[in-house]
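> The sequence isn't on hand, but the structure is:
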């Protein structure tokens, strides 16, 4: 299990050069994570691959937990930008199911990296690893946008949190070889229908159909 090595907060890139360096680190970590898996990735190797000093790497990412949670956050951000509007005639909950199925397919294409990201983000304390909360917020925004909910209720937020926890569990079962790809995708779609049924705009959505 990855451990958080230091208490101090990671540095945030501010200049264009720092942001480019930060992104090179994330891309290098993603490549190495896909090849080796979390346990075999060494921080000094990531620094060398990214062309930065080891001190620079640790300034931004004090541990592999920080690093691979940030890798997932960056990929979730890019995925959010690619999500398209639901197809005409598709129910909102089924539209969310298709979004999560698409996200699952992208993650499962590189199983070693997916395991590294999920293990890191799921073990990260949001108070110490800010990118963990960023992942949750981005996925919540994706789901709310797909559902067509502009002003979520407390119940909406709770349902989405439960859905994401369920989705992570289904992905882990797939990565562990305990669920086939068809079963994984079916489980995701069913979970969306069940967990999102009580959402705040469910009645108006049914009326509009």
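That came through fine. From a predicted model like this one, the values you see are computed outputs, not experimental measurements.
> where along the chain do the helices fall?
Per DSSP state H, the chain carries helices over the ranges 16-36, 43-50, 54-60, 64-82, 92-108, 111-123, 130-147, 154-175, 181-195, 202-208.
> Redo those as JSON lines? Include mean neighbour count, distance to residue 10 and mean pLDDT.
For every residue, glycine as well, the C-beta is placed using N, CA and C. Formatted as JSON lines, those follow (neighbours: other Cβ atoms under 10 Å; distance: least, Cβ to Cβ, whole Å; pLDDT from 0 to 100):
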{"stretch": "helix 16-36", "mean neighbour count": "17", "distance to residue 10": "10", "mean pLDDT": "95"}
{"stretch": "helix 43-50", "mean neighbour count": "17", "distance to residue 10": "13", "mean pLDDT": "96"}
{"stretch": "helix 54-60", "mean neighbour count": "16", "distance to residue 10": "5", "mean pLDDT": "95"}
{"stretch": "helix 64-82", "mean neighbour count": "20", "distance to residue 10": "6", "mean pLDDT": "96"}
{"stretch": "helix 92-108", "mean neighbour count": "20", "distance to residue 10": "24", "mean pLDDT": "96"}
{"stretch": "helix 111-123", "mean neighbour count": "21", "distance to residue 10": "14", "mean pLDDT": "96"}
{"stretch": "helix 130-147", "mean neighbour count": "19", "distance to residue 10": "8", "mean pLDDT": "96"}
{"stretch": "helix 154-175", "mean neighbour count": "17", "distance to residue 10": "23", "mean pLDDT": "97"}
{"stretch": "helix 181-195", "mean neighbour count": "17", "distance to residue 10": "32", "mean pLDDT": "97"}
{"stretch": "helix 202-208", "mean neighbour count": "11", "distance to residue 10": "40", "mean pLDDT": "59"}
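> Figure out which of those helices is closest to residue 9.
Judged by Cβ to Cβ, the one of these that comes nearest to residue 9 is helix 130-147, at 7.9 Å.
> Packing partners of the closest one?
helix 64-82, helix 92-108, helix 111-123, helix 154-175 (3 or more Cβ pairs under 8 Å, 6 or more residues apart in numbering; DSSP states H and E).
> Now with 7 Å, please.
helix 64-82, helix 92-108, helix 154-175 (3 or more Cβ pairs under 7 Å, 6 or more residues apart in numbering; DSSP states H and E).
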